[in-house]
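Asks: sharing a model prediction with you, sequence too.
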Protein chains: 2
Amino acid sequence: MQFQVSNELIEQVRHLIQEEGDARLREMLSEIHFADVAEIISELGLSEATYLIKLLDSEKTSEALMELEEDFRERILENLSAKEIAEELEEMDTDDAADVVAELPDDRAEKVIAEIEDEKRAEDIKELLTYDEDTAGGLMAKELVKVKETWTVAGCVREMRRQAENVTRVHSIYVVDKEGKLKGRLSLKDLLTASAKTHISEVYIPNVDYVDVNTEGEEVARIMQKYDLEAIPVVDNEGILMGRVTIDDIVDFIKDEAEKDYQLAAGISQDVEADDNVWELTRARLPWLILGLFGGLGSVFIMQDFEDVMTNPRIRDLFFYTPLIAAMAGNVGVQSSAIIVQGLANNVVKGSLLNRLLKEVSLSLINGSALALLIILFGFIMKYEISFSLTIAAALMSVIIVAALIGTFVPIILDKRGIDPAIATGPFITTSNDIFGIFLFFYIAKLILGF
Amino acid sequence: MQFQVSNELIEQVRHLIQEEGDARLREMLSEIHFADVAEIISELGLSEATYLIKLLDSEKTSEALMELEEDFRERILENLSAKEIAEELEEMDTDDAADVVAELPDDRAEKVIAEIEDEKRAEDIKELLTYDEDTAGGLMAKELVKVKETWTVAGCVREMRRQAENVTRVHSIYVVDKEGKLKGRLSLKDLLTASAKTHISEVYIPNVDYVDVNTEGEEVARIMQKYDLEAIPVVDNEGILMGRVTIDDIVDFIKDEAEKDYQLAAGISQDVEADDNVWELTRARLPWLILGLFGGLGSVFIMQDFEDVMTNPRIRDLFFYTPLIAAMAGNVGVQSSAIIVQGLANNVVKGSLLNRLLKEVSLSLINGSALALLIILFGFIMKYEISFSLTIAAALMSVIIVAALIGTFVPIILDKRGIDPAIATGPFITTSNDIFGIFLFFYIAKLILGF
């Protein structure tokens, strides 16, 4: 039954915008979910999109605006007056409204806030803007249902009806004392099953999970996932209830974090997308490529020291194996680091460093032996001298062990020093392992073959 | 205020288990959240963990069991009787209960189900087991609050009180007709604000989003994210309401998917964790390393064709550059493919293939020019002949363009053929780009330097 935004529909909308068929457009889009309206808008040009935003009810466009790509939203907002933006903000949840205001240039942000009619809302937005983006304060919304511990269930239901008008989704009812300090929560289930005259203080659940306005987003995500929470209250440093973070904001956060780690592992240093322009993509990709280039030049230096090998036809084939050695060092390093980075993120990297070292070494011995065997087999087929095959096999094995150890311990060390270990998974680990690997390869060959 | 499981606490629990201080253990752990109890259990040995699970109330242990690693849970369950497992299942949501039963050997699963006292629940679990794990049917729980469209608000509240007993969290109230077909939903907000005598048919919201039991998990995740849903009803092919999927199950699903893609990109083919044993890790890692090895041997063959270069001191330094060329080809390929794979997953890869081709080529020209310039500079410092530096620069540029095109189009082609494009991001793309890169490098060198 899922509604699909078709090309015909988009063409029809485009046509109606050109013809200024306002009534027809309003009617047509009134039936459509805001997320689908956002999908339609994202397919339109800037002036068409602006036309639609101005035309439709703020109730619908405010939510659609939040679903758009940030860049496109900013460009649409540039075409709206401060008053028009303020109207959109009136319909948004305060957390979204604050995010939008934060995207505006400072002077324009002030004008927009001045145009918001609801003063309480303007105050709330200004408050939210004071928190750091990636903290509980930056993620929370001011909308919530709160009741005082001294009220009765009946009084509570009356008050909730009033408050619920402004809250899209009631997750939990928070209970506060007369100073506004968080005391606990009330489940809707309890409210449904308690008698009307009961006092809230008798039925509420104390010991509620909460976070501080300054708690980092990552920590909020961890707590909400661990305790399976759909919303978590946020308090200031005196325990006063300030807002709540809901799971949908956290889902986006988890996804963004996962994508960031993935991009770092792939050697992309900024949050870019396939449809960003060439310059943005270059800025994100070139730095890592330059790192790779320097790594490659590093291995040129190493090999120069072994140039004489080329004059010796018996062993000069060693040079054919440098890409293989480098590739294996890189692959093993990426595997080890990816497992550790993910383990660190999920908090499952336990036990002593010595145990982990033993494990990586034994894992490398198993993988290395299998691969060494294949190399020796290959040597037979190619009719290499046995000492030559053994040299390559032994070097490969050592390279794999060293690469696994580098891949394992670099992220652990970075993590201990408070640096995001994800940075160590991609080009960083492959580049350093390439150099180490090639050095080790020639050095071991020299030891065995004695040149 | 977050509660932290300390080493002292774990030691204390361990001590009390040895001393069989049952009353003290029960008292101590009754205050602690099930997620923290799970954390404590995961630090214990198997027999200690089993002891605790048998000792504590099923109400707490059933939820803690669900938080444990699957392997450890299975081993604990092996030590419990069918009756004891059934008691745990009685306290779980049906989706969790079905997951646990699915992990048991077939004959034991039957015995456990036979021991469940609540026949309705046993039926529900059996039904859930019939669905594929990764579909809406496999993800959904049977617990939900449903009301008939013919009831009044007052009757509805009465009935909800009864049903709510079995439902941990009330997300939405689903409205069905007398055959059980899904008609729409009722928000708690509406219920709070409507008068007692109103009929449900007058206040419910039709046009509710839903999925079919056979809808794939990935699609359910996409819909719930797009429309910001916290729960979605699941119907059979006749439209009968069968269950609901909640956002917490989807958060796990999104995380698992992201981790799988990340691992594929890193050359790890199965869902493994840092603390899995050496054999499991080998099974996941060795196949990709063997692929890399064959790739490396492929480049050995290519270079053998250019063996004569080694006898020419003027140009034999070319061999020093093979790891650099291979690394750059690999890095560029991984960058391009990661951006495309993520774009495909987020549905933002739009426009014609020709446009994408032009974009990748111009991006490669920019990155390639910057890197070529660095190579020429390096050549000056090293006092290379200019023709030699130019050869490497030109080859590098060509390799970057080809690598970017391979990295872009392989995932797109796989996606069009219904194969998970994430498989093309890691060792697969680096290995094929290594070979192409080295071949191209020597071929271009031959063209320019004429050997």
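Replies: Cool, the structure landed.
Asks: tell me the domain ranges of chain A?
Replies: A:7-130, A:145-255, A:278-449 (automatic domain parsing).
Asks: ok, which of those comes nearest chain B?
Replies: domain A:278-449 (2.6 Å; Cβ to the nearest Cβ). Where you see a C-beta, it was placed from the backbone N, CA and C, and this is true even at glycine.
Asks: quick one: which helix or strand includes the residue nearest to residue A:126 when sequence neighbours are not counted?
Replies: In this structure, residue A:126 finds its nearest non-sequential neighbour in residue A:113, 6.4 Å apart by Cβ to Cβ, 6 or more residues apart in numbering or on different chains. Per DSSP states H and E: residue A:113 is located in helix A:106-115.
Asks: what ranges do the strands span in chain A?
Replies: Assigned strands in chain A, in chain order: A:145-148, A:173-176, A:182-186, A:211-212, A:231-235, A:241-246 (criterion: DSSP state E).
Asks: how about those strands in JSON lines, adding mean neighbour count, distance to residue A:337 and mean pLDDT?
Replies: Shown next, in JSON lines, are these (neighbours: other Cβ atoms under 10 Å in any protein chain shown; distance: least, Cβ to Cβ, whole Å; pLDDT from 0 to 100):
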{"stretch": "strand A:145-148", "mean neighbour count": "20", "distance to residue A:337": "46", "mean pLDDT": "87"}
{"stretch": "strand A:173-176", "mean neighbour count": "22", "distance to residue A:337": "43", "mean pLDDT": "90"}
{"stretch": "strand A:182-186", "mean neighbour count": "21", "distance to residue A:337": "41", "mean pLDDT": "90"}
{"stretch": "strand A:211-212", "mean neighbour count": "22", "distance to residue A:337": "31", "mean pLDDT": "94"}
{"stretch": "strand A:231-235", "mean neighbour count": "24", "distance to residue A:337": "32", "mean pLDDT": "93"}
{"stretch": "strand A:241-246", "mean neighbour count": "24", "distance to residue A:337": "31", "mean pLDDT": "93"}
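Asks: where does the stretch 251-400 of chain A dip in pLDDT?
Replies: Scanning the stretch 251-400 of chain A for pLDDT under 70 picks out A:347-351.
Asks: okay, now the closest residue to residue A:435 other than its chain neighbours: neighbour count?
Replies: Sequence neighbours aside, residue A:298 is the residue nearest to residue A:435 in space, at 4.7 Å (criterion: Cβ to Cβ, 6+ apart). Residue A:298 sits with 19 neighbouring residues when counted by other Cβ atoms under 10 Å in any protein chain shown.
Asks: from the chain's centroid, how far away is stretch A:5-18?
Replies: Taking Cα atoms, centre = their mean, to the nearest Å, one finds the center of stretch A:5-18 at 34 Å from the center of the full chain.
Asks: quick one, which of the strands of chain A is nearest to residue A:46?
Replies: Proximity to residue A:46 (Cβ to Cβ) singles out strand A:241-246 among these, at 31.3 Å.
Asks: how much does the closest one deviate in direction from strand A:231-235?
Replies: Counting by axes from the mean of the first three to the mean of the last three Cα atoms, to 10 degrees, strand A:241-246 points 150 degrees away from the direction of strand A:231-235.
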